[in-house]
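Participant: sequence plus predicted model, see below.
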Amino acid sequence: MPELILNKDILITSKTDLKGNVLYCNQSFLDYAEYNEEEVLFKSHNIVRHEDMPKCVFKILWEYIRQGKEVFAFVKNKTKNNNFYWVFANITPNYNQKNQVIGYYSVRRRANPKALQVISKIYEQALRIEKTQGVDKAYSFILEHIKNTKLSYNHFIVNLQKDGDVA
């Protein structure tokens, strides 16, 4: 599977409903995912989920956004043509005028290559744990790993993107 590298200035955006079905995506989303609009609209956003992504990472993401909090993550996505690309994602709740969460908005940009060296090793280990001990054990592994850095989850991820390191 060839890797697609996001252009430095690209922003991939999408909006989903509360269940994660795509309500909107920009042209960059379609270009990098190698889909056309009809193939993604009203479909689950996980249409681009790569099998190398640990499920526990999405468990963390859903925990944050269901609490109305923004969250950051490194995500490896799969394209329609079985290519892949990494993104640094920022996901936020989308509110209506009554201050009720009606969906989620995500903006993705190119991930720091140095950060990917770090996070891919963590994800590989989490995947191994998921396969042998389950998602909950992998979830605990990631959170414990981050806790040992004395940073919150979001600060850990943002520091990786910024510096390629968490020191």
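Facilitator: Okay, I see it. Here the structure is a predicted model, which is why all the values come from computation and not from measurement.
Participant: in contact with residue 23, which residues are there?
Facilitator: Neighbour list for residue 23: 15, 16, 17, 41, 42, 103 [criterion: C-beta atoms under 8 Å, 6 or more residues apart in numbering]. Placement of C-beta: from N, CA and C, glycine included.
Participant: where does the closest residue to the third one other than its chain neighbours land on pLDDT?
Facilitator: Counting by C-beta to C-beta, 6 or more residues apart in numbering, the nearest residue to residue 17 once its immediate chain neighbours are dropped is residue 103, at 4.8 Å. Per-residue confidence for residue 103 comes out at a pLDDT of 95.
Participant: surely residue 104 is in a helix?
Facilitator: No. Using DSSP: H, G, I helix; E, B strand; the rest coil, the secondary structure at residue 104 is strand, not a helix.
Participant: quick one: it and residue 65 touch, right?
Facilitator: Yes. With contact defined as C-beta atoms under 8 Å, residue 104 counts as touching residue 65 (5.5 Å).
Participant: could you name every residue contacting both of these two?
Facilitator: Shared contacts of residue 104 and residue 65, defined by C-beta under 8 Å, 6+ apart, comprise 91, 92, 93.
Participant: so is the second one in a helix, a strand, or just coil?
Facilitator: Reduced to three states with three-state DSSP, the structure at residue 92 is strand.
Participant: that one bridge partners, please.
Facilitator: Taking DSSP bridges as the rule, residue 92 bridges to residue 105.
Participant: my guess is it meets residue 65, correct?
Facilitator: Yes. At 7.4 Å, residue 92 and residue 65 qualify as touching, with contact defined as C-beta under 8 Å.
Participant: counting neighbours, go ahead and name the busier of these two.
Facilitator: residue 65 (23 against 16; other C-beta atoms under 10 Å).
Participant: which strands and helices lie in contact with the helix or strand harbouring the more buried one?
Facilitator: According to DSSP states H and E, residue 65 maps onto helix 55-66. Helices and strands touching helix 55-66, by 3 or more C-beta pairs under 8 Å, 6 or more residues apart in numbering; DSSP states H and E, are strand 71-78, strand 84-95, helix 113-133, helix 135-147, helix 153-163.
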